[in-house]
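Student: Coordinates only, no sequence provided:
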């Protein structure tokens with residue numbers, strides 16, 4: 001990764017200066033809005049909070065607001081750079097809080113070095129915040145400041161340089177010990193660096209089960225041993241050892257684990273040679289490790305190596321911790337961060353690393369695959385699932401320890417966290433819940449494909465359905481092993497199926513007057529796409545998915561031949577659910593019908609309305625055109641859209657439908673109300689396009705330029721639940737469409 005000085009400075013200075021801004025969350029356009037926001041209306045919540053201080057969490061931003069506070073005495077690996085110079089780091093911290101956990105932050109840089117003055121100032125401003133994140137304050141003052149503030153305040157106080165690093169390192173070590181067959185209690189650990197992070201890591205690892213007597217702590221003077229000349233501060237004194245080792249090199253002889261939290265290039269490959277077999281090397285100095293990753297691997301090829309860098313495996317990155325720890329703590333109104341909460345976060349992260357990795361994460365790191373093992377012991381920082389694993393663990397521990405003001409139902413809480421990932425997650429959660437209520441057997445034609453296997457494993461583990469994979473059992477088994485999945489699927493090889501002759505006869509009977517012979521029917525029944533559809537037609541499966549390795553029409557053709565459309569539906573159609581800035585709009589037809597007639601457009605609109613209803617959305621249908629309500633009476637396309645609206649309105653008077661309409665008139669209610677107050681549709685959420693060119697172009701433009709999330713295409717109008725995947729679908733896309741296929745089958 002090439003990060004130049006110019007690119008960094010340009011990033012910070014271009015456009016609006018810095019990295020964060022304050023954004024209003026309530027309307028402020030009218031006099032009435034301002035009266036509610038400030039005077040005279042604001043007096044009412046003031047009096048309510050004065051009577052009951054806990055109502056500040058209800059009527060203000062306190063419950064989602066964290067102070068990131070520093071004095072700049074230990075900025076990254078740059079030392080004491082002062083309060084002002086630390087501001088870019090604190091703004092960056094604020095950005096990460098918001099980006100990963102939707103937590104608002106005020107960054108506060110204090111021009112103070114006296115610990116008691118810092119404590120006094122933070123205590124005075126504490127009523128503003130739901131939590132305090134201390135950052136880049138040098139040891140040993142940081143220990144004292146955090147301890148006193150935790151005693152004085154009834155909100156969480158967390159020094160990330162200490163506990164954030166400790167939590168992530170502990171999570172990584174839990175998994176590294178598992179991979180090397182070690183136990184915590186028997187592990188010998190050497191720590192280089194006796195500052196805030198080093199001491200915190202040692203203490204948390206003791207709580208996790210490491211024996212204090214097996215920890216050798218080294219500072220800039222070497223090993224902290226009994227009888228060492230000079231004063232040893234009380235925090236280091238907890239790790240004084242009776243040992244003959246005097247240098248870091250001495251201490252590493254026979255050690256199982258090296259944990260570096262010191263400075264670059266303080267360890268050599270020769271020093272690592274004396275460590276135990278399969279050593280664990282965490283070289284976490286920032287930005288450059290104690291020993292570069294390639295050198296550590298060259299010196300000890302049998303080692304598990306982690307650094308703080310993103311360009312090598314096993315990055316120990318605090319962003320896996322602090323946003324999610326505060327998210328969980330804030331959501332239950334925790335009064336403090338306890339040791340049990342820290343361990344809960346570490347174990348949650350360690351467990352998540354065992355799960356299959358989403359395609360979105362693989363793409364971010366330009367990887368084809370990633371699975372639990374020596375080069376993947378921690379989740380990647382961009383993994384969206386961290387939000388769904390760590391905060392619930394924190395919340396549960398806080399409630400168990402009695403430090404939570406509020407108790408939450410953990411299942412409902414996970415649902416609420418999913419909603420923070422976007423509208424798509426929220427909508428799909430409702431579909432997932434429906435799928436789980438009555439799981440269906442779903443057949444995947446391309447069962448040997450990695451993405452299908454991973455999706456099927458997720459579907460089964462989440463209880464969304466019972467996947468059936470078509471393909472060669474030995475190939476599928478080898479792929480499952482290569483992917484590192486704990487999954488035993490139901491597999492059928494179409495060429496060896498005992499039902500082959502029956503399926504061939506069924507296909508022949510359906511297509512014999514379309515020129516199909518017995519021989520051809522048997523050959524087709526051996527193909528996975530036909531075989532799966534025949535399973536569906538014979539009632540031996542409930543849903544069918546195909547298309548990952550072919551184009552849409554090629555995948556659709558067998559479905560139309562074997563299954564066909566529902567009674568009353570002349571043509572199948574495709575619909576995309578588009579999520580744009582938390583607004584949901586359905587586009588149709590985006591996949592099949594090139595230039596539908598007015599009757600066909602009415603059918604497409606009715607089918608799309610049914611899809612919207614399945615997602616719990618009340619459909620408002622706009623028949624789109626370049627013209628508005630008769631403004632181009634001589635043109636065929638607007639007339640066709642108007643006729644389609646008329647047909648559907650007569651057929652389904654319960655549906656809100658109108659047209660022809662331009663996109664602006666359909667989507668912007670202010671325009672409709674001002675210019676076309678007679679319209680039956682304002683702020684449409686189902687858009688019907690005049691032809692395939694317009695629909696397909698519109699949805700792809702919205703997806704790419706508007707950064708919309710697309711779910712689909714959803715195949716509408718089939719007699720049974722059949723859905724077509726796209727070649728570039730990711731695992732999450734496949735799981736989403738499979739869940740909808742299950743709900744479709746229920747209907």
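Tutor: Cool, the structure landed. In this text the structure is predicted, and so the values were computed from the model without any measurement.

Student: shouldn't residue 56 be in contact with residue 49?
Tutor: Yes: here residue 56 reaches residue 49: they are 5.0 Å apart, a contact under CB atoms under 8 Å. The way it works is simple: take the backbone N, C-alpha and C, and place the C-beta from them, glycine included.

Student: Stretch 237-250: end-to-end distance?
Tutor: 20 Å (CA to CA, to the nearest Å).

Student: pLDDT of it, averaged?
Tutor: If you average the pLDDT over stretch 237-250, you get 93.

Student: Over to the residue lying closest to residue 368 once chain neighbours are set aside. Which of the three states is it?
Tutor: Distance criterion CB to CB, 6 or more residues apart in numbering; nearest residue to residue 368, sequence neighbours excluded, is residue 362 at 6.8 Å. In three-state terms, and counting by DSSP: H, G, I helix; E, B strand; the rest coil, residue 362 is helix.

Student: I'd guessed residue 362 sits against residue 369; true?
Tutor: Yes: between residue 362 and residue 369 a contact is recorded at 7.0 Å, counting by CB under 8 Å.

Student: Looking only at neighbour counts, state which of the two leads.
Tutor: Remark: of residue 362 and residue 369, residue 362 carries more neighbours, 16 against 13, as counted by other CB atoms under 10 Å.

Student: per-residue confidence at the more buried one?
Tutor: Looking at residue 362, its pLDDT is 85.

Student: if I pick it, what's in contact with it?
Tutor: Residue 362 makes contact with 368, 369, 370, according to CB atoms under 8 Å, 6 or more residues apart in numbering.

Student: how far away is the last one from residue 452?
Tutor: Put plainly, it is residue 370. As for residue 370, its distance to residue 452 is 18 Å (criterion: CB to CB, to the nearest Å).

Student: Show me which of those two is the more surrounded one.
Tutor: In terms of neighbours (other CB under 10 Å), residue 452 is the more surrounded of residue 370 and residue 452; the figures are 29 against 19.

Student: now what about the helix or strand containing residue 646, what contacts it?
Tutor: Assigned by DSSP states H and E, residue 646 belongs to helix 636-651. Contact partners of helix 636-651, identified using CB under 8 Å, 6+ apart, comprise 597-599, 601-602, 605-606, 621, 623-627, 629-633, 655, 657-660, 680, 688, 690-691.

Student: Show the buried residues in those.
Tutor: 598, 601-602, 605-606, 621, 623-625, 627, 629, 655, 657-660, 680, 688, 690-691 (16 or more other CB atoms under 10 Å).

Student: Tell me how this protein divides into domains.
Tutor: Split into domains by automatic domain parsing, the chain comes to 61-155, 163-312, 320-420, 431-562, 573-717.

Student: now the end-to-end length of the shortest one.
Tutor: Going back to what we said before, that points to domain 61-155. For domain 61-155, the first-to-last residue distance is 14 Å (CA to CA).

Student: Please apply the same query to the longest one.
Tutor: With CA to CA as the measure, the first residue of domain 163-312 is 23 Å from its last.

Student: what's the answer for the last one, then?
Tutor: Between the opening and closing residues of domain 573-717 we find a distance of 7 Å, counting by CA to CA.

Student: cool, the third one as well?
Tutor: Counting by CA to CA, the length from the leading to the trailing residue of domain 320-420 is 17 Å.

Student: for that domain, the distance to its chain's centre please.
Tutor: Distance, stretch centre to chain centre, for domain 320-420: 11 Å (CA atoms, centre = their mean, to the nearest Å).

Student: Quick one: residues contacting residue 199.
Tutor: So residue 199 contacts 139, 143, 162, 217, 235, 236, 238, 239 (CB under 8 Å, 6+ apart).

Student: returning to what we had before: so which of the contacts of helix 636-651 belong to strands?
Tutor: Among those, DSSP state E puts 621, 623, 624, 657, 658, 659, 660, 688 in strands.

Student: what comes up buried for stretch 574-594?
Tutor: Buried, per 16+ other CB under 10 Å, within stretch 574-594: 574-580, 584-593.

Student: where in this structure is pLDDT low?
Tutor: Filtered on pLDDT under 70, the chain yields the residue ranges 1-2.

Student: Identify the residue nearest the geometric centre of it.
Tutor: residue 384 (1.6 Å; CA atoms, centre = their mean).

Student: how much space between that residue and residue 360?
Tutor: 7 Å.

Student: same deal with residue 372?
Tutor: Taking CB to CB, one finds residue 372 at 18 Å from residue 360.

Student: Which one's more surrounded, these two?
Tutor: Between residue 372 and residue 360, counted using other CB under 10 Å, residue 372 has the larger neighbour count: 19 against 13.

Student: quick one on the thing from earlier: include distance to residue 42 when you put the domains of the chain into JSON lines, please.
Tutor: Output for these, formatted as JSON lines (distance: least, CB to CB, whole Å):
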{"stretch": "domain 61-155", "distance to residue 42": "14"}
{"stretch": "domain 163-312", "distance to residue 42": "37"}
{"stretch": "domain 320-420", "distance to residue 42": "23"}
{"stretch": "domain 431-562", "distance to residue 42": "40"}
{"stretch": "domain 573-717", "distance to residue 42": "27"}
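
Student: related to what we said a few turns ago, so what does the closest residue to the residue nearest to the centre of the chain other than its chain neighbours look like in phi/psi?
Tutor: Excluding its sequence neighbours, the residue lying closest to residue 384 (CB to CB, 6+ apart) is residue 421, at 5.6 Å. With angles defined as degrees, to the nearest 10, residue 421 sits at phi -80, psi -10.

Student: Can you give me the buried ones in stretch 557-572?
Tutor: Applying 16+ other CB under 10 Å to stretch 557-572 flags 558, 559, 560, 561, 562, 563, 564, 565, 569, 571, 572 as buried.

Student: all strands in the stretch 1-150 of the chain, in order from the N-terminus.
Tutor: Assigned by DSSP state E, counting those that start in this stretch, the stretch 1-150 of the chain shows strands spanning 65-70, 104-109, 131-134.

Student: winner for burial among those strands?
Tutor: Comparing those by mean neighbour count (mean count of other CB atoms under 10 Å), strand 131-134 comes out on top with a mean of 26.

Student: Quote the end-to-end distance of stretch 256-265.
Tutor: By CA to CA, the extent of stretch 256-265 from end to end equals 20 Å.

Student: correction: stretch 367-377
Tutor: 16 Å.

Student: Identify the residues contacting that stretch?
Tutor: Stretch 367-377 is contacted by residues 172, 175-176, 179, 304, 306, 313-314, 353-354, 356-357, 361-362, 380, 450, 483-484 when judged by CB under 8 Å, 6+ apart.

Student: same thing with stretch 177-193?
Tutor: Against stretch 177-193 from outside (CB under 8 Å, 6+ apart): 174, 198, 201-202, 205, 208-211, 214-219, 248, 251-252, 254-263, 266-267, 276, 278, 280, 285, 290, 304, 373-374, 377.

Student: Could you pull up the residues touching the closest residue to residue 279 other than its chain neighbours?
Tutor: Leaving aside its chain neighbours, residue 279 sits nearest to residue 303 (4.8 Å; criterion: CB to CB, 6+ apart). By CB under 8 Å, 6+ apart, the residues touching residue 303 are 272, 275, 278, 279, 280, 281, 296, 297.

Student: now residue 706
Tutor: Contacts of residue 706 (CB under 8 Å, 6+ apart): residue 580.
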